[in-house]
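Enquirer: fold the following, please.
(one chain, ligands or ions: 1)
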Amino acid sequence: MKIGVDYYPEHWDKALWEKDADLMQKTGVEVVRMGEFAWCRFEPAEGEYDFTWLDEIMDIFAERKIDVVLCTPTNCPPLWLYEKYPDAVMTGRDGHKIATGIRGHRCYNNPDFIRHSKQIIEKMTRRYANHKSVIAWQIDNELEANFCHCEICIGEFRQWLKEKYGSIEAVNKAYGNNMWSGEYSAWEQIKPAYGSHPYAWFNPSFMLDFNRYASDNMIKYVKMQAEIIRKNCPGTMITTNTWFCENMPDFYKTFQDLDFVSYDNYPITKIPENSEEYYSHAFHLDLMRGIKRQNFWIMEQLSGGMGCWMPMVHTPRPRMIKGYSLQALAHGADTVVHFRWRTAVSGAEMFWHGLIDHSNVPGRRFDEFAQLCKQAKELDFIDGTEIKSQVAILYSSDNEYAFKIQPQTRGMYYLEQMKLFHAAFSRYGINVDIIGQHEAFDGYKIIVAPQMYVTDEDVVKRLYEFTKTGGSVILTNRSGVKDENNKCIMSPLPTVFKNLAGVCVEEYDPIGEDTVALRFADGSEYKGRQWCDVLCAENAKVLATYDSQFYKGKAAITENVYGEGLAYYVGTVGEKKLYNKLVKEILLKSKVDFIDGLPENVEVTIREGNGKKVRFIFNDTDNMQTFSLKGKELCLAPFEMQIELLDK
Ligand code: GAL
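Expert: Predicted structure coming up:
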């Protein structure tokens, strides 16, 4: 495991550079990431480049044997560029250019911006192609599938539609544009969702395509950068740092041609008192690992209290700095780079704290970071090991977009049921993969397919096949609702999944923040919330029924034998303990080994490979936890991680 820091030499007086690098070396830092916001220092005036300062700091790190991840600086074009080419700034929904002075505000299709991006990337990659310290390139920073509303982008969107549909008639048909007199008679009539109306007022089919286009458009920009980097620096790894943002790109396509996934990991620093409100960050880590189904990096890791665009929150509690980094390792991260070495003293981000405070006096958090660096060097035996899992949860960008376009009921959001199932499987010490729905299902015994809302025929077919040949599949409410164009399917729900689940939804009740009573056959009682599919169990066995509302006594959760496998249907959203009960039954029936009796939010994962098996036990709570695991008594302090090499 390697530990690194995000460093911004351009923010600091040169007199600090060597001192910082000395302290990094002494502490055990092995990697620094630099450059993503420094374009105005690399090209202070159009066509005038200055990399001498970067050369200098690169040499300082090279002398100390600290590796470097260099970033293309395209997130923040310099102001001279915007002044000369005002169209390079993104256009907002109001049709106006958005303000400069912030970051990430460029139009991915503007020819002047593209030309200048290419030039700076060419210059930078050629200059550092043979620098022995550069181990990877990061493209830009936290790229988003931004919607730019300029004429060029609209033209690109129309072109994207032409390639997809061929004719305007086909677009009208796909979108059902006979609603609200929305039929297009010319491509020019296709316009983005200008103005301030909620997106839910626009045709959901159109909106889904607009999201897909925005993602493809961002990815085109990533590919452009990757091509230049590969041409000039063959053999050096390329990534981009991703996160969960407002306009999420399709993760799977984004990283298709890149070498590894890197993620910006900021777990919360205050654990909510109500455990129903808490989801471990392990969920995000498993999703990130699932993008390429390989180990990944953390490119920005929590180092201090967070703030700036939100009021400041709790500073990391003792052991969080170390514990959360090791938690990332436990879920497949091999390198963890901390954001940032020292807290900025200027700029909008001055209260998003780094490892060292404004005072420049290393304190409690830094000491813990130093312990982490020391421990990381003793963990070589983990190199080459990976997570292997028998359980997968399916994720789809289409569903992510479609639920955002049309929120289904108060409080419901796409990731929540995934998180609930993830939490329940984790409760039993199970490794869980979260994978794109287009990935192969081979090797899994259980597949959780929550809210398969926008239908992809191929995925449906493969889920039938998976179950038929002995797998267990878990389906939930809001499945089979839409066709691939985000139009409703005219057939009883869950439409394409009806035969697999052996149920039919008689009617549904979006109860939002209200609750409903549920009762299992063994008499145990739970609460349902958000949504109730009132089920008619045609072939399936009823596991739980509603115990209140006018549908009292009707089926809520079912199990169906399909071929050699089992298909579960969960018609509502429950409390965590409901998922714990259900998942345990499914694990038993699916013959997947598990650990019973772990305290809540104590996470056990296993990495294996190279003839080794390593167990990670993490106390992701703010209480001391005493428990026994496979006959061994354990006592873990809050956020403490225990790592043990097991006999194979
Ligand atoms: C990330 C971003 C960093 C920094 C950090 C904390 O989202 O990539 O540049 O802004 O958040 O604010």
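Enquirer: from here on, just use CA atoms for contacts and neighbour counts.
Expert: Noted.
Enquirer: backbone dihedrals for residue 105, please?
Expert: Backbone torsions for residue 105, taken as degrees, to the nearest 10, come to phi -110, psi 40.
Enquirer: mean confidence (pLDDT) on stretch 70-79, please.
Expert: Stretch 70-79 shows a mean pLDDT of 97.
Enquirer: ok, now stretch 302-309?
Expert: In this model, stretch 302-309 carries a mean pLDDT of 94.
Enquirer: is that stretch anywhere near the ligand?
Expert: No: contact of stretch 302-309 with the ligand (C-alpha under 6 Å from any ligand atom) is absent, the minimum separation being 7.2 Å.
Enquirer: renumber starting at 348 from here on
Expert: Let's use 348 as the start, then, which means that last one is stretch 649-656.
Enquirer: which residues are contacting that stretch?
Expert: With contacts defined as C-alpha atoms under 8 Å, 6 or more residues apart in numbering, stretch 649-656 is touched by 612-614, 616, 659-663, 668, 685-687, 695-702, 712.
Enquirer: one more: stretch 860-875?
Expert: Stretch 860-875 is contacted by residues 757-758, 876-877, 890-896, 903, 919-922, 924-925 when judged by C-alpha under 8 Å, 6+ apart.
Enquirer: measure it end to end?
Expert: Terminal residues of stretch 860-875 lie 10 Å apart, using C-alpha to C-alpha, to the nearest Å.
Enquirer: picking up where we left off before, okay, and which of the contacts of stretch 860-875 map to strands?
Expert: Judged by DSSP state E, strands contain the following of those: 876, 877, 890, 891, 892, 893, 903, 919, 920, 921.
Enquirer: OK, contacts around the third one?
Expert: For residue 890, the contacting residues are 867, 868, 902, 903, 904, 905, 906, by C-alpha under 8 Å, 6+ apart.
Enquirer: from memory residue 575 sits against residue 470, does it?
Expert: No: checked against C-alpha atoms under 8 Å, the pair residue 575 and residue 470 is beyond contact range at 10.1 Å.
Enquirer: tell me, how many residues neighbour residue 695?
Expert: When neighbours are counted by other C-alpha atoms under 10 Å, residue 695 registers 12.
Enquirer: got phi/psi on it?
Expert: Per degrees, to the nearest 10, the backbone of residue 695 is at phi -60, psi -20.
Enquirer: that one and the ligand, how far apart?
Expert: Using C-alpha to the nearest ligand atom, to the nearest Å, residue 695 is found at 9 Å from the ligand.
Enquirer: excluding covalently adjacent residues, which one is nearest to that residue?
Expert: Nearest non-adjacent residue to residue 695, counting by C-alpha to C-alpha, 6 or more residues apart in numbering: residue 655, 6.5 Å away.
Enquirer: just residue 569 next, same as before
Expert: Nearest one to residue 569, counting by C-alpha to C-alpha, 6+ apart, is residue 486 at 7.0 Å.
Enquirer: kindly check the end-to-end length of stretch 907-925 for me.
Expert: Using C-alpha to C-alpha, the span of stretch 907-925 from its first residue to its last is 19 Å.
Enquirer: quick one: average pLDDT of that stretch?
Expert: Mean per-residue pLDDT for stretch 907-925: 98.
Enquirer: please point out which parts of it sit buried.
Expert: In terms of neighbour count (16 or more other C-alpha atoms under 10 Å), stretch 907-925 has its buried residues at 907-910, 912-921, 923, 925.
Enquirer: the residues you listed in helices, which ones?
Expert: The members of the buried residues of stretch 907-925 that map onto helices under DSSP state H are 923, 925.
Enquirer: returning to that earlier point: mind listing which of the contacts of stretch 649-656 are in helices?
Expert: Filtering the contacts of stretch 649-656 for helices - DSSP H - leaves 668, 712.
Enquirer: sort out for me which of the contacts of stretch 649-656 are in strands.
Expert: Here DSSP E is the test, and the contacts of stretch 649-656 give 612, 685 as lying in strands.
Enquirer: select only the buried ones of the contacts of stretch 649-656 in PyMOL?
Expert: Of the contacts of stretch 649-656, the buried ones can be selected in PyMOL as follows, counting by 16+ other C-alpha under 10 Å:
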select buried, resi 612+613+614+616+662+663+668+685+686+687+697+698+699+700+701+702+712
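Enquirer: for the stretch 448-597 of the chain, give me the ranges with low pLDDT.
Expert: Counting by pLDDT under 70, the stretch 448-597 of the chain shows no low-confidence range.
Enquirer: where do the strands sit along it?
Expert: Assigned by DSSP state E, counting those that start in this stretch, the stretch 448-597 of the chain shows strands spanning 481-485, 584-586, 588-589.
Enquirer: any idea how far the residue in the stretch 548-697 of the chain positioned nearest to the ligand is from residue 993?
Expert: Residue nearest to the ligand within the stretch 548-697 of the chain: residue 696 (5.9 Å; C-alpha to the nearest ligand atom). As judged by C-alpha to C-alpha, residue 696 and residue 993 stand 44 Å apart.
Enquirer: rewinding a little: list phi and psi for the residue of the stretch 548-697 of the chain closest to the ligand.
Expert: Torsion angles, degrees, to the nearest 10, at residue 696: phi -100, psi 20.
Enquirer: contacts only, for it.
Expert: 654, 655.
Enquirer: go on, residue 740?
Expert: By C-alpha under 8 Å, 6+ apart, the contact list for residue 740 reads 765, 769, 779, 780, 781, 782, 794, 795, 796, 797.
Enquirer: flag every residue of this structure that's near the ligand.
Expert: Proximity of the chain to the ligand is confined to 488, 489, 696, 699 under the rule C-alpha under 6 Å from any ligand atom.
Enquirer: longest helix in this structure, by number of residues?
Expert: helix 551-579.
Enquirer: residues of that helix that come out buried?
Expert: By 16+ other C-alpha under 10 Å, the buried positions in helix 551-579 come out as 551-566, 568-570, 572-573, 575-577, 579.
Enquirer: next one: that helix to chain centre, how far?
Expert: The chain centre lies 17 Å from the centre of helix 551-579; the measure is C-alpha atoms, centre = their mean, to the nearest Å.
Enquirer: elements contacting it?
Expert: For helix 551-579, the packing partners by 3 or more C-alpha pairs under 8 Å, 6 or more residues apart in numbering; DSSP states H and E come out as helix 458-475, helix 498-512, helix 515-522, helix 598-602, helix 744-752.
Enquirer: mind doing that once more with 7 Å?
Expert: helix 458-475, helix 744-752 (3 or more C-alpha pairs under 7 Å, 6 or more residues apart in numbering; DSSP states H and E).
Enquirer: most tightly surrounded among those helices?
Expert: Highest mean neighbour count among these (mean count of other C-alpha atoms under 10 Å): helix 744-752, with a mean of 20.
Enquirer: relative to helix 744-752, how tilted is the next helix or strand after that helix?
Expert: Scanning forward in sequence from helix 744-752 by DSSP states H and E, the next helix or strand is helix 761-774. Here helix 761-774 points in a direction 120 degrees away from that of helix 744-752 (axes from the mean of the first three to the mean of the last three C-alpha atoms, to 10 degrees).
Enquirer: list the buried residues of helix 761-774.
Expert: Under the neighbour-count criterion of 16+ other C-alpha under 10 Å, helix 761-774 has 761, 764, 765, 766, 767, 768, 769, 770, 771, 772, 773, 774 buried.
Enquirer: how about stretch 794-801?
Expert: For stretch 794-801, a neighbour-count test (16+ other C-alpha under 10 Å) marks 794, 795, 796, 797, 798, 799, 800, 801 as buried.
Enquirer: lovely, talk soon.
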